[in-house]
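Novice: Next one to model:
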Amino acid sequence: MAGVMLVFDFGKTIIECDSDYWFVKVFGVSELFTQLRPTLPWNTLMVRCDLRIISDANVFFIKAILKNHGLLDCFSEINTNPSYVDGEGRLRVSPYLDFESSSHGCNICPPNMCKGLIIERIQASVSATRKKRFIYLGDGTADFCPGLKLREDDFLMPRKYFPIWELICSNLKLIKANNHEWNDGEELGTVLSNLINKIFIEENCAMGINQIVPVDCKFQTSSV
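Specialist: Residues are numbered from 1 along each chain as shown. Reported below is the predicted structural model:
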């Protein structure tokens with residue numbers, strides 16, 4: 001069985017805002033709390049899919065948010081900017097790529113991180129063992145780059161009316177993957193459920209297996 005590689009952007013995809021904005025709000029600047037999508041059946045997805053994150057946020061913010069919701073162990077890999085809290089309690093963030101000494105050569109992504117190169121590395125690492133079909137979810141301009149790297153049997157899930165969606169609409173012929181847009185958490189869950197079940201049904205049919213336990217991804221928002 002090939003299996004599914006499920007790759008998420010973080011800000012405005014797993015959470016409803018950028019992670020740095022979430023921290024500002026949570027730590028007392030405002031009573032307005034952003035929304036996470038905790039009702040996705042993460043444990044079920046973890047068993048049936050390989051879950052990874054590619055984000056231009058930072059590791060401290062992402063791990064803190066995921067840990068706060070008991071989701072940190074669901075992800076096998078988090079690709080983001082390194083960060084740590086120093087002895088004075090200040091958060092120090094370093095670029096994923098030291099762009100002052102080298103360049104990734106991509107004119108789509110920011111200088112510190114090319115998401116397309118990360119996807120290519122992941123594709124190469126899994127192809128050495130067994131084939132996996134990719135589902136990539138994102139919203140920003142930089143998420144367009146990994147979308148260009150997906151194959152014809154992969155799936156790209158851009159957030160509708162966001163920068164990646166606009167780029168896809170203008171450059172549809174450049175996308176090889178199957179394109180499935182989403183607008184909010186509920187629609188994301190519905191689309192993702194359908195795609196995962198479609199993949200496993202196709203694989204089971206190819207193997208002569210008639211039964212499959214469907215995935216039901218019911219996304220709802222709740223206070224962080």
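Novice: Now do the contacts for residue 112.
Specialist: 56, 81, 95-97, 99 (Cβ atoms under 8 Å, 6 or more residues apart in numbering). Where C-beta positions appear, they are placed from N, C-alpha and C, glycine not excepted.
Novice: Would you check how far apart it and residue 161 are?
Specialist: 26 Å (Cβ to Cβ, to the nearest Å).
Novice: And residue 197, by the same measure?
Specialist: Counting by Cβ to Cβ - residue 197 and residue 161 are separated by 26 Å.
Novice: Could you check which of these two has the larger neighbour count?
Specialist: Legend: neighbour count by other Cβ atoms under 10 Å for residue 197 and residue 161, higher for residue 197 (16 against 11).
Novice: Which elements pack onto the helix or strand in which the more buried one is found?
Specialist: According to DSSP states H and E, residue 197 maps onto helix 185-207. In terms of contacts (3 or more Cβ pairs under 8 Å, 6 or more residues apart in numbering; DSSP states H and E), helix 185-207 is packed against strand 4-8, helix 42-48, strand 133-138, strand 155-158.
Novice: Break down the chain into its helices, ranges please.
Specialist: Per DSSP state H, the chain carries helices over the ranges 19-24, 42-48, 59-68, 115-127, 144-149, 163-170, 185-207.
Novice: Taking strand 4-8 as reference, get the angle to the fourth one.
Specialist: Going back to what we said before, that points to helix 115-127. If you take axes from the mean of the first three to the mean of the last three Cα atoms, to 10 degrees, helix 115-127 sits at 160 degrees to strand 4-8.
Novice: hey, C-alpha coordinates of helix 115-127 in PDB?
Specialist: These are the backbone C-alpha positions of helix 115-127, laid out as PDB (Å, rounded to 0.1, in the frame of the first residue of the first chain):
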ATOM      1  CA  LYS A 115       9.000  25.200   0.700                       C
ATOM      2  CA  GLY A 116       9.400  23.600  -2.700                       C
ATOM      3  CA  LEU A 117      12.900  22.300  -1.900                       C
ATOM      4  CA  ILE A 118      11.600  20.800   1.400                       C
ATOM      5  CA  ILE A 119       8.800  19.000  -0.500                       C
ATOM      6  CA  GLU A 120      11.400  17.600  -3.000                       C
ATOM      7  CA  ARG A 121      13.500  16.400  -0.100                       C
ATOM      8  CA  ILE A 122      10.500  14.600   1.500                       C
ATOM      9  CA  GLN A 123       9.500  13.100  -1.900                       C
ATOM     10  CA  ALA A 124      13.000  11.800  -2.300                       C
ATOM     11  CA  SER A 125      13.100  10.300   1.200                       C
ATOM     12  CA  VAL A 126       9.800   8.400   0.900                       C
ATOM     13  CA  SER A 127      10.400   7.200  -2.600                       C
END
